[in-house]
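Chemist: Got a sequence here, can you model it:
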Amino acid sequence: MSTYTAGRTDQAMTPRTGSRGPYARTARVRQEIIEAAMAVFAEAGYRATTMKEIARRVGLTDRAIVHHFPNKEELLLSVLAARESESEQLAPRSRGEALAGMLAIANDNMTRPGLVELHSTLSAEATSTEHPAHEHYTKRYMDFREYLAGAFAELKQHGELRFSLEPDELASMLIALWDGLQLQWLYDNDAVAVQKLLRGFLDMVAPAAVSQDVTS
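Modeler: Here you go, the predicted model:
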């Protein structure tokens, strides 16, 4: 499901047979801008990134970029929405599969280092309340803790947790481990096996949660 919409055409003035052409081109250009912005934000962070640099990457003028995204803040939020949509498609809907499903997302992340770098850069920058992505990351971490805590709570009800920590505490630990491992992985891809270490942690805490491999 798309997280952004292309500009509308006036159907009263545009022939029906030709309306899909401009619409499709607009959507394609917007997607190209979002992909370029992902790369630049990952490399330089939000504050140091300029719309001019993003325009250069796409091969457009500054004015053309602003036509699709009036400002850098709106472009950033569109980038984050696009990334969240991708992650949601990989995340299982069932709490019983949530923890094993996390490994599938971790595996996917390792194939796209630019997105891992984007998350690591922006999540650190966005701790400032003045950052445009502050609310996004505040909600993201809150929702993610709740999602994982629910999975741990379900395991606890069935007597399948090996640790005495509460589900919400385990959720915070798991998120911290994942973020930290990915950051180390960016520095040394060969030395840090993110998915293997996450699986090892889950196997210690709740082996039943990762008894089935969902990454294949």
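Chemist: What about residue 114, how many residues nearby?
Modeler: Here the number of neighbours of residue 114 (other CB atoms under 10 Å) works out to 14. Glycine gets a C-beta too; all of them are placed from N, C-alpha and C.
Chemist: In contact with the closest residue to it other than its chain neighbours, which residues?
Modeler: Take residue 114 and drop its neighbours on the chain: the residue closest to it by CB to CB, 6 or more residues apart in numbering is residue 42, 5.0 Å away. Counting by CB atoms under 8 Å, 6 or more residues apart in numbering, residue 42 touches 114-115, 117-118, 121.
Chemist: Show me where this structure dips below the pLDDT cut-off.
Modeler: Along the chain, the parts satisfying pLDDT under 70 run over 1-24, 87, 89-96, 211-216.
Chemist: So if we follow the domain assignment, how does it break up?
Modeler: Domain assignment for the chain by automatic domain parsing gives 1-76, 91-210.
Chemist: how close does residue 153 get to residue 179?
Modeler: Going from residue 153 to residue 179 by CB to CB, to the nearest Å gives 22 Å.
Chemist: Backbone dihedrals for residue 129, please?
Modeler: Dihedral pair for residue 129: phi -70, psi -20, per degrees, to the nearest 10.
Chemist: what about it, neighbour count?
Modeler: Using other CB under 10 Å, residue 129 has 8 neighbouring residues.
Chemist: can you check residue 37 too?
Modeler: Applying other CB under 10 Å, I find that residue 37 has 26 neighbouring residues.
Chemist: Out of the domains of the chain, which is closest to residue 85?
Modeler: Comparison of these against residue 85 by CB to CB identifies domain 1-76 as nearest, at 4.5 Å.
Chemist: quick revisit: show me the contacts of residue 42 that map onto helices.
Modeler: Judged by DSSP state H, the subset of the contacts of residue 42 located in helices is 114-115, 117-118, 121.
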